[in-house]
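*Asks:* make a model of this:
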Amino acid sequence: MKSSKCIRCSRSIGWIGIVVNAVLMTMKVFVGLISGSQALVADGMYSAKDLMTSILVIVGMKVSDKPIDKDHPYGHGKVEFVLALVASVVFLSLTAYLLIHAVYLLFNADEHRAPHIIALWAALISVAVNVFMYFYSRCVSVESNSPMIRTLSRHHHADATASLAVAFAIIGAHYLDMPWIDLAVAMFEALHLLYLGSDVFRDACRGLMDRSMDVKIQERIIRIVKGLDHVKEVKEFRARHIGQSLFLEVTIGVDPALTVAEANEVRKRVRDEVFNIVPHIGELHVVAQAASDAVPA
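*Replies:* Below is the predicted model of the structure:
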């Protein structure tokens, strides 16, 4: 993280998200029901999902910050992937219900009516709040490298998009004589939720399956390490995500003519180079061995 301010933001963003999403959810569901806007009610479910995510962020940050112990030598970071997986499953279940309900109403002509114009103002307020929350949570996710906060940022982006679609639907229903468009938007919102939930589900699964780091970054690290004096080869390079942090294991082959002290200095230089290249490293183990092409004396 860049500063202590970033740390404070990562600690408080969950609570801020709870308050913001609870207010938005209540407003959108209430206004959606009294105005007759099914799209706004569905939009309220976005905020309900974001509220759940904010709660998971608080729990995830609290647990993942626990220090390494005997039973958890790699820390507790994977709890964030577990919580993201739980959130995505609930998210997908909610999406399935919303989609079925929206499709049923869309093909029922008796349900086609223009919502009250108050729904438009609620949608515009939601757009403004979620755009702000998206940029704020995205900044925190970049600095903290937290998968749960990254999920929260995505949810705010989806919520802003959904609320904007609701606003256009209400305008279309009132001024273009298209009362069915509110239900059509509710259906598309459900499809969008399905896509977003699937993306979060895949990310959580990859994290639980010890997903490695980006291939291009890995190739860059190996290339730089090989370019250091006395480093003949990179014998092994392993990386995996544990919540917010990366755990790296690097085995290098060094010039066999080096003394133990000199080989240790090369190992330290490799550590320094990798730390300069890769942010959010939790643990980095570098082992120096004689290069494979070394000729025995």
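*Asks:* quick check: next helix or strand after the helix or strand residue 207 falls within?
*Replies:* Element membership for residue 207 (DSSP states H and E) is helix 181-208. Sequence order places helix 215-226 as the next helix or strand after helix 181-208, per DSSP H and E.
*Asks:* tell me which strands and helices the following helix or strand past that next one is in contact with?
*Replies:* Downstream of helix 215-226, the first helix or strand assigned by DSSP H and E is strand 231-242. Applying 3 or more C-beta pairs under 8 Å, 6 or more residues apart in numbering; DSSP states H and E, we find strand 231-242 packed against helix 215-226, strand 245-254. Where C-beta positions appear, they are placed from N, C-alpha and C, glycine not excepted.
*Asks:* pLDDT of the host helix or strand of residue 53, averaged?
*Replies:* Here residue 53, judged by DSSP H and E, is contained in helix 38-64. Helix 38-64 shows a mean pLDDT of 74.
*Asks:* helices or strands up against it?
*Replies:* helix 4-35, helix 79-106, helix 118-144, helix 147-175, helix 181-208.
*Asks:* related to what we said a few turns ago, chain center to the helix holding residue 207, what's the gap?
*Replies:* In terms of C-alpha atoms, centre = their mean, to the nearest Å, the centre of helix 181-208 is set 14 Å apart from its chain centre.
*Asks:* please apply the same query to stretch 272-288.
*Replies:* With C-alpha atoms, centre = their mean as the basis, stretch 272-288 stands 23 Å off its chain's centre.
*Asks:* buried stuff in it?
*Replies:* Neighbour counts over stretch 272-288 (16 or more other C-beta atoms under 10 Å) mark 273-274, 278, 282, 284, 286, 288 as buried.
*Asks:* sort the residues you listed by pLDDT and name the bottom one.
*Replies:* When the buried residues of stretch 272-288 are compared by pLDDT, residue 282 scores lowest at 66.
*Asks:* poorly predicted segments of the stretch 151-297 of the chain, please.
*Replies:* For the stretch 151-297 of the chain, the stretches with pLDDT under 70 are 209-214, 241-245, 279-280, 282, 293-297.
*Asks:* give me that answer again for 50
*Replies:* 295-297 (pLDDT under 50).
*Asks:* rewinding a little: residue 224 is nearest to which of the helices and strands packed on helix 38-64?
*Replies:* Among the helices and strands packed on helix 38-64, helix 118-144 comes nearest to residue 224, with 23.1 Å by C-beta to C-beta.
*Asks:* I'm done for today, thanks for sticking with me.
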